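here is a sequence with its predicted model. Questions after.
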Amino acid sequence: MAVRAPGYGLPGAKGEAGATGPQGATGAQGMAGPQGATGPQGPAGERGPQGAAGAQGPAGPQGATGAASTVPGPQGPAGAKGDTGASSATLLGAVTLAQTALVSISAGVRRLSVTVPSAWGVSPGQNLLLFAVSLPNGSYATHDVIATAANTIEVGVTAPLLAIGAGYSINARLVRINT
């Protein structure tokens, strides 16, 4: 049993609910909640139309020169025949290389001096060749020829031992190289 304070009677019966009161003022905004998870990827969109071509760009730098070809090109046509030029050599004439031993001469290379006709015009510094036409046997050989003075040539000859009174003779041709 409930005890009541003096001067207070028993509570009465419950009355009807009153009318709804006016809406209260908006309260302060609350804190943001946690971010939600990313949703699934949507389907790809349709491809758009191709765009217009852009303007042509500037030309690039010139490339480096390539390696030379090792394959020769085709042969060109033959040229016209030129005039006949001067002969490259002139036959001056026949020369006889001869030696007779007054004393015994040992085998080996020796130099013979020979005078040639002045009509041949031989002079020092000319390029000369001497060709043996005949040799006494296989022990002889002619080598170089040089003009040592006007109308005088010197020839290198290899010959065997010559006893006193022995000798040899070599027929040759003298040629001048024209320069």
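Perfect, thanks for sending it.

residues contacting Ser134?
170-171 (C-beta atoms under 8 Å, 6 or more residues apart in numbering). The way it works is simple: take the backbone N, C-alpha and C, and place the C-beta from them, glycine included.

could you rerun that using 6 Å?
Asn171 (C-beta atoms under 6 Å, 6 or more residues apart in numbering).

quick one, grab the pLDDT at it.
Per-residue confidence (pLDDT) for Ser134: 88.

hang on, Thr90 in a strand?
Yes - Thr90: assigned to a strand according to DSSP: H, G, I helix; E, B strand; the rest coil.

was I right to think it contacts Arg176?
Yes - assessed by C-beta atoms under 6 Å, Thr90 is found in contact with Arg176 at 4.9 Å.

distance between stretch 108-124 and the chain's centre?
Centre-to-centre, stretch 108-124 and its host chain are 51 Å apart (C-alpha atoms, centre = their mean, to the nearest Å).

what comes up buried for stretch 33-45?
Neighbour counts using 16 or more other C-beta atoms under 10 Å place no residue of stretch 33-45 among the buried ones.

could you do stretch 103-119 as well?
Under 16+ other C-beta under 10 Å, the buried positions of stretch 103-119 are 105, 112, 114, 116.

what's the mean pLDDT across stretch 147-164?
Averaging pLDDT along stretch 147-164 yields 93.

got it, and stretch 101-115?
For stretch 101-115, the per-residue pLDDT averages 91.

that older thread, Glu46: which of the buried residues of stretch 103-119 is nearest?
Nearest to Glu46 among the buried residues of stretch 103-119: Val116, at 109.3 Å, using C-beta to C-beta.

quick one, phi/psi of that closest one?
When quoted as degrees, to the nearest 10, the phi and psi of Val116 stand at phi -120, psi 160.

which of the buried residues of stretch 103-119 fall in strands?
Among those, the ones falling in strands (DSSP state E) are 112, 114.

mind listing what's buried in stretch 130-143?
130, 132, 135, 140, 142.

how about the residues you listed in JSON lines, adding distance to Gly42?
Below are the buried residues of stretch 130-143 laid out as JSON lines (distance: C-beta to C-beta, whole Å):
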{"residue": "Leu130", "distance to Gly42": "108"}
{"residue": "Ala132", "distance to Gly42": "110"}
{"residue": "Leu135", "distance to Gly42": "113"}
{"residue": "Tyr140", "distance to Gly42": "114"}
{"residue": "Thr142", "distance to Gly42": "109"}
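
redo those residues as CSV? Include secondary structure.
Output for the buried residues of stretch 130-143, formatted as CSV (three-state DSSP):
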residue, secondary structure
Leu130, strand
Ala132, strand
Leu135, coil
Tyr140, coil
Thr142, strand
